[in-house]
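Visitor: Sharing a model that was predicted from the sequence below.
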Amino acid sequence: MDEARVGLARYLGVKEQEVSFGPSTSQNTYVLAKAFGEWLVSGNAIIVTNQDHEANTGSWRRLSNQGIEVKEWQVNEETGELNLEDLDDLLDENVKLLCFHTAQISLLTLTQLKKLFLKHTRQGHMSVSTV
């Protein structure tokens with residue numbers, strides 16, 4: 001696990017302590033959303049995708065109960081992929097967090113993680129779940 005963390009951190013160009021692994025996506029997402037819920041304030045926004053199932057987005061979506069705007073990055077119906085160009089329309093100064101899944105197993109697609117990371121981290125934080 002330590003080698004994987006080091007390798008992924010190096011690939012993403014982040015510090016090792018900025019990469020976390022845990023027992024399940026659902027549990028990790030729940031804990032992370034609770035933590036961000038303490039930090040985000042009314043008027044902030046987050047972006048989730050319609051690519052993921054409830055266990056991956058539900059905790060994030062419930063932040064709307066705290067006045068956090070939840071925007072949805074839609075999968076392209078023709079390709080089954082998340083297009084980076086579509087994300088540009090959602091990003092603004094209020095977006096503090098982008099939450100997405102790197103692989104959609106049923107469609108066998110892979111989100112362009114590195115490009116996405118470089119695009120968004122200038123503005124906020126990302127939560128990336130993988131399987």
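Guide: Good, I have the coordinates. Just so it is clear, the model here is predicted, and its values are computed rather than measured.

Visitor: Average pLDDT for the top strand by length along the chain, rounded please.
Guide: Identified as the longest strand of the chain according to DSSP state E is strand 95-101. Per-residue pLDDT values over strand 95-101 give a mean of 84.

Visitor: packing partners for it?
Guide: strand 45-49, helix 54-61, strand 69-73, helix 113-120, strand 125-129 (3 or more C-beta pairs under 8 Å, 6 or more residues apart in numbering; DSSP states H and E). For the C-beta atoms, the positions are set from N, CA and C on the backbone; glycine is no exception.

Visitor: Lowest average confidence across helices and strands of this structure, where is it?
Guide: strand 109-110 (a mean of 52; mean pLDDT, DSSP states H and E).

Visitor: Just give me the residue right at the centre of the protein.
Guide: residue 99 (1.8 Å; C-alpha atoms, centre = their mean).

Visitor: pretty sure that one is touching residue 61, no?
Guide: No: at 9.5 Å, residue 99 does not count as touching residue 61 under the criterion of C-beta atoms under 8 Å.

Visitor: any shared contact partners between these two?
Guide: Listed as contacting both residue 99 and residue 61 by C-beta atoms under 8 Å, 6 or more residues apart in numbering are residue 48.

Visitor: Perfect, I'm done here.
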